[in-house]
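Asker: Task: produce atomic coordinates for the following.
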Amino acid sequence: MKKPFPYQQKAIAKGVEYFSKNARGKMIMPCGSGKTLTGLWLAQELEAKSLIIAFPNLHLEAQTVETWLSDFKELRNDFKILVLGSDKKLGKLFEVEVTTNEDDIINFLKKNQKENIVIFTTYHSSKGMVNASKKTKFTFDLAIFDEAHHTAGVDKALFQLLLNNNDIKIRKRLFMTATPKVLAGLGDNQFVKSMDDERVYGSEFYNLTIREAISAGIISDYKVMTLYCSNEQVRSMYYENIVFKDSSNYFDEEHLRIVSIAVSVCKAINKNNLKKVISYHSNINKAKHFELVIAQVASKMGIKLKTFHLNSTDNALTREKVVRKYSKAGIALITNARLLNEGFDIPAVDAVCFADERHSATDIVQAAGRAWRVSPGKEFGYILIPCLVGDTVDLDHDNVKNLRRTLSVLAGQDEQLAAYFRQRQRGRAENMPNQGEMVIHDNSSISLNFEELLDDINVKVWTNIRSLYYRSYTDAQQWVRENLVPNGIDTIIKWRDYVEGLYPELPPLPGDIPKQPAVPYKSQGWSGFPDFLGTKKWDYQTAKSWVQDNLVPLGIDRQSKWAEYRAGKFPDIPELPKMIFSHPPSYKEFRGWDDWFGREKAFYWDYETSKSWVQDNLVPAGVTTFNKWFDYLNGLYENAPKMPKGLPRSPDKIKGFKSWPDFFGRETFEKWDFETAKSWVQENLVPNGIINSSRYRKYVENKYQDVPPFPNELYKTPDRSFKEWKGWDDWFGK
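Answerer: Okay, the predicted model is just below:
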C-alpha cells in the first residue's frame, strides 16, 4: 500500500485539525500532486464510516475506483462498495456493484446501515443517491468532491445536488481542486455557486501552490514557449507546395492558421526533443483538422510523428486503446477539445499546446497540468502557445489576445512567473531567475518589432494578474512611507484622495500595491491605516521614552510646560510625533506626570503623619477647615509654615482618611435626630427671640451674645440636613 509523502501528510494533519471544528473545507493542490489519494487518506484519518466520493466524469471515477481497490486493498473487506454510473464494465473489471437505479441505491443503504460503506458517483449521477438518502433518512459521515470547481458556476444544478444538507444529510464535506472557481458580483444568488462562498464550500485549510510543488519536486518545472510564425512564411510554403492544400482545394485563412501552428509545433518538437505532445482545440472539428495537417507537415519536415485524436463520442475501449498506442509511440501528438483535461492517466507528457483561443482559465490550468507531471528523465514540461502574426504587429489580433490570456492565467497560478512580469514592469526582469522561455521560431524574415509585442504582452498580463500578486505588506508599507507619508499622505482621508488622483504631483501608486489594502493584506498583519502609513500611536513606554529623550532635556518637564509646548510656544523644540498622544492621559497605562517626564515619584506621608504635622503647624496658624486648607495651598497664609514635600495636597485621597474635622483635630459629635433638635430649638432659642430663618442664621454665625451657645449636635442648616423637614414655622413651633 502506498504511503503519503510529507506534503500529503501535512495536508492530512491540517484537514484533521480543521474538520474537528468545521463541516466544510477546501484543499487546493496542483494537477498531478496526488489530490485524490490525499483525500482518501484524510477520510481514513477522519474515521468516516459512510463515504461519498464524487467526480466530474466516468473516467476519473473509474481511475479512483481502481486506486481504491489497488492501493487500499485492506479496506476492500472493511467497506461495502457501490458505484453509480453508466459504465457497467467497471463492475466486471473490479467486481463491484454498478448502478444508476434508485431502488438499488435504497436497498444498498438499508442493507448496509451498520456497515462501512463507500459510494462512488459522478456529479451527474448523484440525483438517485439524493432521493435514496431522503427516503431512507440516511446520513453520510463524509463527502469528497473531486475537481470541485465543477460544482461552481451557472447552470450547474445537476453538479450541485450534493452541496445542500436540505437535499442530502452529510456531516462533513471536503472540496478538492487545483483551480477553485470564483465568480464575482453574485450577491446572495442561491442558484449560482462560487467557491469563495464559505457558507457552501468552507474555508481553505490547505493550499499547495504550483511553485511550492515544483520546488519540492512534486511536479516538474516548466517553460512557456511562445511559437511565432508569420503569414508570409506560411503563404510561401503553401504556394511552393511544401504544405498541402486542404481537401476543398482553396486558400483558407483558418487553414493557413492551422498550418502555421503545425509548423511551429514541429519545429518546437525538433528543437527541444519533445516526445509526447497534447494539443487542445476549441472544438472537435478543429482538433480533427489539426491532426491531419500536422501529420503531413511533420512528414514534409522529416519528423516521424504519430498522430492521434480523441473526442467525447469515443467509447471507453477506443479511448484506452488510443492512449495506450500514444504512450508506446516514439514521438506522438494527440489532439482533443476538452476531453483530456481530467480523468485520463496519460504518463510522460512533455508538452501541451493551446492551439485555439477561448479556453477557460480552468481549462488552461487543467491542461497545463499535463505538462508538469513528473516522469523519469524529465527536466521541464513545455507549454506551447502559438502566435501567428503578420508582417507588422497587430496587438489586437486574436492570436496576441490568446497569448496574453494564457500567460495571464498561468501567471495567476504561479507566483514565480508572476514575479517575472512584476519585475519586467519595474524594468528589472533581467535579474530574475528562469521564469519560462520566450522562443521565436524562424523570425529572421519577419519584420516585426518583437520588443513592442513583448512590452504589450507584459503590460496586459501584469494588469490582469497584479491583484493576485500584490507586493508583500511590508514592501508596500515601505514604499508608502518613503514616497507618500513625507508628502502629507498620512491619514486615511488623504490616502483616499490620493488614490482618486487628487495629488497628481506625487509619485503614482505602483500597480502591485492595492488602492484598498485592507482586504488583500488582512492575512499579512493589516491592522489599520495608521500602521500602514506609519502613524500608528506608539505604546506608552515608547512614547514616554521619546519625551524623556527629546523634550525633558529642553525644559518640557512638567504639566504646565507640556501645555505651552502643545500650544506652539516653543517653536525651536522638536515637533511632537503624530504617533504620540498630545494628551498623555489617553494612554491607559498613564501613571501621572511625574512618571511621564521621568521624575522620581514623590514619597507622601501616611494619613496619621500628615494629620499630626497639620495640627502641630497649620491649625495654630488658623488653617482649620477645608476652605482654609484650599486657601493655604494657594499661598494665602504667608505666615504659616511652608508645605513640606511629604505632605499630600489631597489628604482625602490617602488611605485612612476619616473626615476633614478629624484631619484638623476638631472634635466630632453625633447629630441629634429631627425631633430632639426641634425641641431644643423651641426650648432654648425661641424664648430668646430666634423665631425665623434669618435670625437662626445669625445665631449660627455667633451674632447673638446672650443666648445659649450653638451646640455641636445641632445642624447649622437643618432645612438641608433633615429628611423630615417640614418648614421653618414647624421648626420654630409656630
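Asker: How about the secondary structure of the residue nearest the centre of the chain?
Answerer: Nearest to the mean C-alpha position of the chain, by Cα atoms, centre = their mean, lies residue 523 at 4.9 Å. At residue 523 the chain is in helix, as set by DSSP: H, G, I helix; E, B strand; the rest coil.
Asker: swap in the one 4 residues further on?
Answerer: When classified by three-state DSSP, residue 527 comes out as coil.
Asker: so what's the nearest residue to residue 370 once chain neighbours are set aside up against?
Answerer: Using Cβ to Cβ, 6 or more residues apart in numbering and skipping residues adjacent in sequence, the residue nearest residue 370 is residue 349, 4.6 Å away. From N, CA and C alone the C-beta is placed, and that goes for glycine too. Residues counted as contacts of residue 349 (Cβ atoms under 8 Å, 6 or more residues apart in numbering) are 276-278, 370-371, 373, 375, 381.
Asker: returning to what we had before: what about the residue nearest to the centre of the chain, distance to residue 14?
Answerer: Separation of residue 523 from residue 14 (Cβ to Cβ, to the nearest Å): 16 Å.
Asker: So this protein: which segments form each domain?
Answerer: Domain assignment for the chain, taken from automatic domain parsing, gives 6-208, 219-465, 473-533, 540-597, 607-664, 674-732.
Asker: lowest-confidence helix or strand of this structure?
Answerer: Least confident element among the helices and strands of the chain, by mean pLDDT, DSSP states H and E: helix 450-465 (a mean of 47).
Asker: End to end on stretch 272-279, go ahead and measure it.
Answerer: The first and last residues of stretch 272-279 sit 16 Å apart, counting by Cα to Cα, to the nearest Å.
Asker: Other residues contacting it?
Answerer: With Cβ under 8 Å, 6+ apart, stretch 272-279 has contacts from 225, 265, 268-269, 287, 290, 294, 326-327, 330-336, 340, 346, 348-353, 355, 367, 370, 382, 384.
Asker: Show me those residues that map onto strands.
Answerer: Those of the contacts of stretch 272-279 mapping onto strands are 225, 331-336, 351-353, 382, 384, per DSSP state E.
Asker: Make a markdown table from those residues and add neighbour count to it.
Answerer: Formatted as a markdown table, the ones in strands among the contacts of stretch 272-279 follow (neighbours: other Cβ atoms under 10 Å):
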| residue | neighbour count |
| --- | --- |
| 225 | 25 |
| 331 | 18 |
| 332 | 21 |
| 333 | 29 |
| 334 | 26 |
| 335 | 28 |
| 336 | 24 |
| 351 | 25 |
| 352 | 25 |
| 353 | 28 |
| 382 | 24 |
| 384 | 27 |
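Asker: and the residue lying closest to residue 102 once chain neighbours are set aside, how many residues sit next to it?
Answerer: Leaving aside its chain neighbours, residue 102 sits nearest to residue 128 (4.3 Å; criterion: Cβ to Cβ, 6+ apart). For residue 128, the tally of surrounding residues (other Cβ atoms under 10 Å) stands at 19.
Asker: give the contact list for residue 128.
Answerer: Neighbouring residues of residue 128 by Cβ under 8 Å, 6+ apart: 84, 100-102, 105.
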